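Novice: Sequence and predicted structure, then a few things I'm wondering about:
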Amino acid sequence: GENVEQHPSTLSVQEGDSAVIKCTYSDSASNYFPWYKQELGKRPQLIIDIRSNVGEKKDQRIAVTLNKTAKHFSLHITETQPEDSAVYFCAAQGGGADGLTFGKGTHLIIQP
Amino acid sequence: NAGVTQTPKFQVLKTGQSMTLQCAQDMNHEYMSWYRQDPGMGLRLIHYSVGAGITDQGEVPNGYNVSRSTTEDFPLRLLSAAPSQTSVYFCASSYGQFGGGGEQFFGPGTRLTVL
């Protein structure tokens, strides 16, 4: 089955700086790669996603890049703000029906 | 639309007890799934369903049963609770029949403690 590795487990950045979280996946058949943000005690919420036929996608301060050859994808957050503090999860899904495989999460801390 | 709803929000069980976690969605989504979230482990898939009458196992199915008699409901049953099942349980749904259709919408979660 699919295996997703996510790094780092904790990331602390100064407010206004950029943050980058990286994930690798094992199944070359995976074709959908979402990123979820989870605040303490809340449900995961989708912030951006990318499909395997696209190399990069951007939504305001958030961008995701995908390298299918290397089987890795990354989340980029620019001009970080205090409300960006949360746990971020990457995930991958293949062409079948077997759901999302999640990374173990990155705790992003924005220092004032 | 209420989206994805789960009940109860919190539950404490004793070892060996059984219970059902309820999940319902009003978005007419074909695909529904159950995940458990443990500290440092991310979310792990327990069971999923691609439509009424069809269910299958995910990564960690042992100790859990599911059924899907309607499009709206996808209950998760714990047959004989064990302390290892202490976790936060999330139900999710998406419009794509095979789960790759796009965003999975998560319910608010059920925090389960087994003593």
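Specialist: Received the coordinates, thanks. Numbering: from 1, shown residues only, chains lettered A, B, ... in the order given.
Novice: which stretches of chain A form strands?
Specialist: Counting by DSSP state E, one finds strands in chain A at the ranges A:4-7, A:10-14, A:19-25, A:32-38, A:45-51, A:56-59, A:62-67, A:72-77, A:86-92, A:101-102, A:106-111.
Novice: residue contacts, A:Asp49?
Specialist: Going by Cβ atoms under 8 Å, 6 or more residues apart in numbering or on different chains, A:Asp49 touches A:32-35, A:57, A:64, B:102-103. Yep, even glycine has a C-beta here, placed from its N, CA and C like the rest.
Novice: list the contacts for the spatially most central residue of chain B?
Specialist: In chain B, the residue lying closest to the centroid (Cα atoms, centre = their mean) is B:Trp34, at 2.8 Å. By Cβ under 8 Å, 6+ apart, the contact list for B:Trp34 reads B:21, B:23, B:45-48, B:58, B:64, B:66, B:74, B:76, B:89-92.
Novice: and if you look at B:Arg111?
Specialist: Counting by Cβ under 8 Å, 6+ apart, B:Arg111 has contacts B:9-11, B:88-89.
Novice: Stretch A:70-89 close to chain B?
Specialist: Yes - using Cβ under 8 Å from any Cβ of the partner chain, we find that stretch A:70-89 touches chain B at A:Phe89.
Novice: buried ones in that stretch?
Specialist: A:71-77, A:80, A:84-89 (16 or more other Cβ atoms under 10 Å in any protein chain shown).
Novice: Format the CA atom coordinates belonging to it as CSV.
Specialist: C-alpha atoms of stretch A:70-89 as CSV (Å, rounded to 0.1, in the frame of the first residue of the first chain):
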residue,chain,number,x,y,z
ALA,A,70,10.9,12.0,-7.4
LYS,A,71,7.6,11.2,-5.8
HIS,A,72,7.6,14.2,-3.5
PHE,A,73,5.4,17.2,-3.0
SER,A,74,5.7,20.3,-0.8
LEU,A,75,3.6,23.0,0.8
HIS,A,76,4.8,26.6,0.8
ILE,A,77,3.3,29.3,2.9
THR,A,78,4.6,32.8,2.4
GLU,A,79,4.3,35.8,4.7
THR,A,80,3.2,33.7,7.6
GLN,A,81,0.7,35.0,10.1
PRO,A,82,-0.2,34.0,13.7
GLU,A,83,-3.4,32.3,12.4
ASP,A,84,-1.2,29.9,10.3
SER,A,85,-0.2,28.2,13.5
ALA,A,86,-1.7,24.7,13.3
VAL,A,87,-0.9,21.1,12.4
TYR,A,88,-0.6,20.4,8.7
PHE,A,89,-1.1,17.0,7.1
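Novice: just how off-centre is that stretch within its chain?
Specialist: When C-alpha coordinates are averaged (Cα atoms, centre = their mean, to the nearest Å), stretch A:70-89 and its chain have centres 6 Å apart.
Novice: Show me where the chain dips below the pLDDT cut-off.
Specialist: Chain wasn't specified; assuming chain A. A:95-98 (pLDDT under 70).
Novice: meant chain B actually
Specialist: Low-confidence segments of chain B, defined by pLDDT under 70, span residues B:97-101.
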